[in-house]
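Enquirer: sequence first, then the predicted structure, then my questions.
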Amino acid sequence: MRLLTITALALLAASPPARAAVNVMAATEDLADLVRQVGGDRVKVDAIARGYQDPHFVEAKPSFILKLAKADLLVVVGRELEIGWLPPLIQQSRNAKIQAGADGYLDASLSAKILEIPTGQITRAMGDVHPLGNPHYWLDPDNGRRVAKAILDKLSRTAPADAAYFASRYADFDRRVAEAEKRWDATMAPYRGVKIVTYHRSWPNFADRFGLDVVGYVEPRPGIPPSPSHTIDLIAEMKRQNVKILIVEPYFDLKTPNSIGRETGARVLVMSPSVGGEKEITDYIKLFDYDLGLLVAAIKETGAK
Ligand SMILES: [Zn+2]
């Protein structure tokens, strides 16, 4: 007994002084997972928007303010994805560390490859929720890698004593993404050029990366609900181009997609754009495994290619 106590004391004395984990809030579950991949057990991370919610429209609950008040770091998607709900939460948290532009604020879009940056004048008054380019950029694994690198840099500055730990975790994540990319590319190789229609413009980075041809959208503009005239045009275009896959994000009403599916013979495929959107999608790599699995099964069944 006495011996054990002495051993325990010796062990305690030998271990390094305990450091508090970095407390991170992420706007979405995708970003929270990337923080987890790099930060491991040296971070404590939570997300605001759940993966099954439309990230453009999230209910700003008071509980988020309390969590933001305690955060060392806030990671956001950016490109105004969260403009409808996050700024008041940040402001009301009264946490100087995580205000936009402060050291504890990371806009992940600044390190990502952004598509669909408007060249003409686009304002939110026109109802377009993508005025600064497409904010769904995390659906290209190379952007996941870039964002993870930005998270590595930020965490290393926030907790310099753990920088080597974060760097080795980032390297491991990078290696696992590269391995998964080989698998995904092999899966998709026979289906490059398959034509699809999507409800919202969530998938341009995904389509670019995996060789899909997006020929139209159920929404007339991002954030604008379907209109009868637009739907008629879309059905005609889908028939003309023989489009057999219609991808719908899980938070949209299926009424219009189902009627388009009946008119065109296209398969309506509910596909999650985010980690946490389905119970199987527990991390960033599984997001692509899951979605590509659904997509390939639908392509085979419909004979889309
Ligand atoms: Zn969007």
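Expert: Yep, that arrived. Residues are numbered from 1 along each chain as shown.
Enquirer: and the helices in this protein?
Expert: Per DSSP state H, the chain carries helices over the ranges 2-14, 29-39, 62-69, 86-93, 141-158, 163-188, 204-210, 228-241, 255-264, 284-302.
Enquirer: lowest-confidence stretch among those helices?
Expert: If these are sorted by mean pLDDT, helix 2-14 sits at the bottom with a mean of 55.
Enquirer: closest one to D103 among the helices of the chain?
Expert: The closest of the helices of the chain to D103 is helix 141-158. By CB to CB, the value is 7.4 Å. In this view, the C-beta of every residue, glycine as well, is placed from N, C-alpha and C.
Enquirer: ok so, going back, how about the helices of the chain in CSV, adding mean neighbour count?
Expert: Shown next, in CSV, are these (neighbours: other CB atoms under 10 Å):
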stretch, mean neighbour count
helix 2-14, 8
helix 29-39, 27
helix 62-69, 15
helix 86-93, 18
helix 141-158, 21
helix 163-188, 15
helix 204-210, 21
helix 228-241, 15
helix 255-264, 17
helix 284-302, 18
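Enquirer: dump these to CSV, plus distance to H56.
Expert: As requested, the helices of the chain are arranged in CSV below (distance: least, CB to CB, whole Å):
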stretch, distance to H56
helix 2-14, 50
helix 29-39, 14
helix 62-69, 16
helix 86-93, 11
helix 141-158, 18
helix 163-188, 26
helix 204-210, 15
helix 228-241, 19
helix 255-264, 18
helix 284-302, 19
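Enquirer: out of the ones you listed, nearest to S272?
Expert: Proximity to S272 (CB to CB) singles out helix 284-302 among the helices of the chain, at 6.7 Å.
Enquirer: alpha carbons of the closest one, as PDB, please.
Expert: Output of helix 284-302 as PDB, limited to C-alpha atoms (Å, rounded to 0.1, in the frame of the first residue of the first chain):
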ATOM      1  CA  TYR A 284     -15.000  14.400 -42.500                       C
ATOM      2  CA  ILE A 285     -13.600  11.400 -44.400                       C
ATOM      3  CA  LYS A 286     -16.800   9.400 -43.800                       C
ATOM      4  CA  LEU A 287     -18.800  12.300 -45.300                       C
ATOM      5  CA  PHE A 288     -17.300  11.500 -48.700                       C
ATOM      6  CA  ASP A 289     -17.500   7.800 -48.200                       C
ATOM      7  CA  TYR A 290     -21.200   8.000 -47.400                       C
ATOM      8  CA  ASP A 291     -22.200  10.500 -50.200                       C
ATOM      9  CA  LEU A 292     -20.100   8.800 -52.900                       C
ATOM     10  CA  GLY A 293     -21.600   5.400 -51.900                       C
ATOM     11  CA  LEU A 294     -25.100   6.800 -52.300                       C
ATOM     12  CA  LEU A 295     -24.300   8.500 -55.500                       C
ATOM     13  CA  VAL A 296     -22.700   5.600 -57.200                       C
ATOM     14  CA  ALA A 297     -25.500   3.200 -56.200                       C
ATOM     15  CA  ALA A 298     -28.000   5.700 -57.700                       C
ATOM     16  CA  ILE A 299     -26.000   6.100 -60.900                       C
ATOM     17  CA  LYS A 300     -25.900   2.300 -61.300                       C
ATOM     18  CA  GLU A 301     -29.600   1.900 -60.600                       C
ATOM     19  CA  THR A 302     -30.800   4.600 -63.000                       C
END
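Enquirer: which strands and helices sit next to it?
Expert: Based on contacts counted as 3 or more CB pairs under 8 Å, 6 or more residues apart in numbering; DSSP states H and E, the elements that helix 284-302 packs against are helix 29-39, helix 141-158, helix 163-188, strand 245-248, strand 267-270.
Enquirer: you'd agree A108 is up against R79?
Expert: No - with contacts counted by CB atoms under 8 Å, A108 stays clear of R79, the gap being 9.6 Å.
Enquirer: neighbour count winner among those two?
Expert: Per other CB atoms under 10 Å, whichever of A108 and R79 has more neighbours is A108, with 29 against 24.
Enquirer: since that was my last question, I'll sign off now.
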